[in-house]
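Novice: Sequence first, predicted coordinates after that:
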Amino acid sequence: MISTLVNSALQTGCLSVASESLIRQVMETAGYQASDLEALKILDEAINSGQIQREARSARIRVSLKSSL
């Protein structure tokens with residue numbers, strides 16, 4: 001599961017809030033595999049290098065507010 005989410009982020013260049021939340025849930029339930037840990041290392045390096053951007057929660061809220069006005 002984690003590897004799939006990381007691959008998606010690598011393809012799109014963006015880690016969504018939803019994907020980040022799913023990764024946290026999987027890690028908390030210890031439902032991950034050794035390959036997922038390697039994927040998390042790759043994700044961390046990609047975020048730190050700027051290859052992947054994290055979706056901002058506040059930006060999401062602003063979009064929701066604008067659409068409701």
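Specialist: Looks like it arrived, so ask away.
Novice: pLDDT below threshold where in this structure?
Specialist: 57-69 (pLDDT under 70).
Novice: And the strands in it?
Specialist: The residue ranges that make up the strands of the chain, judged by DSSP state E, are 14-15, 53-54.
Novice: So what touches the first one?
Specialist: Contacts made with strand 14-15 from outside it, assessed by Cβ atoms under 8 Å, 6 or more residues apart in numbering, are listed as 9, 43, 47, 52-55. Any C-beta I mention is one placed from the backbone N, CA and C, and that applies to glycine too.
Novice: And the last one, by the same measure?
Specialist: Strand 53-54 is touched from outside by 13-15, 20, 47, with contacts defined as Cβ under 8 Å, 6+ apart.
Novice: Now do residue 24 against residue 56, distance only.
Specialist: 17 Å (Cβ to Cβ, to the nearest Å).
Novice: Apologies, that question was intended for residue 38.
Specialist: Distance of residue 38 to residue 56, computed by Cβ to Cβ: 27 Å.
Novice: between these two, who's got more neighbours?
Specialist: Higher neighbour count among residue 38 and residue 56: residue 38, with 13 against 10, using other Cβ atoms under 10 Å.
Novice: Check the gap between that one and residue 55 for me.
Specialist: Distance from residue 38 to residue 55, by Cβ to Cβ: 23 Å.
Novice: ditto for residue 14
Specialist: Distance from residue 14 to residue 55, by Cβ to Cβ: 6 Å.
Novice: quick one, longest helix in the protein?
Specialist: Secondary structure assigned by DSSP state H gives helix 34-49 as the longest helix of the chain.
Novice: Off-centre distance for that one?
Specialist: 11 Å (Cα atoms, centre = their mean, to the nearest Å).
Novice: Could you tell me which residues within it count as buried?
Specialist: For helix 34-49, burial by neighbour count (16 or more other Cβ atoms under 10 Å) applies to 36, 39-40, 42-43, 46.
Novice: Check which helices and strands that helix sits against.
Specialist: Applying 3 or more Cβ pairs under 8 Å, 6 or more residues apart in numbering; DSSP states H and E, one finds that helix 34-49 contacts helix 2-12.
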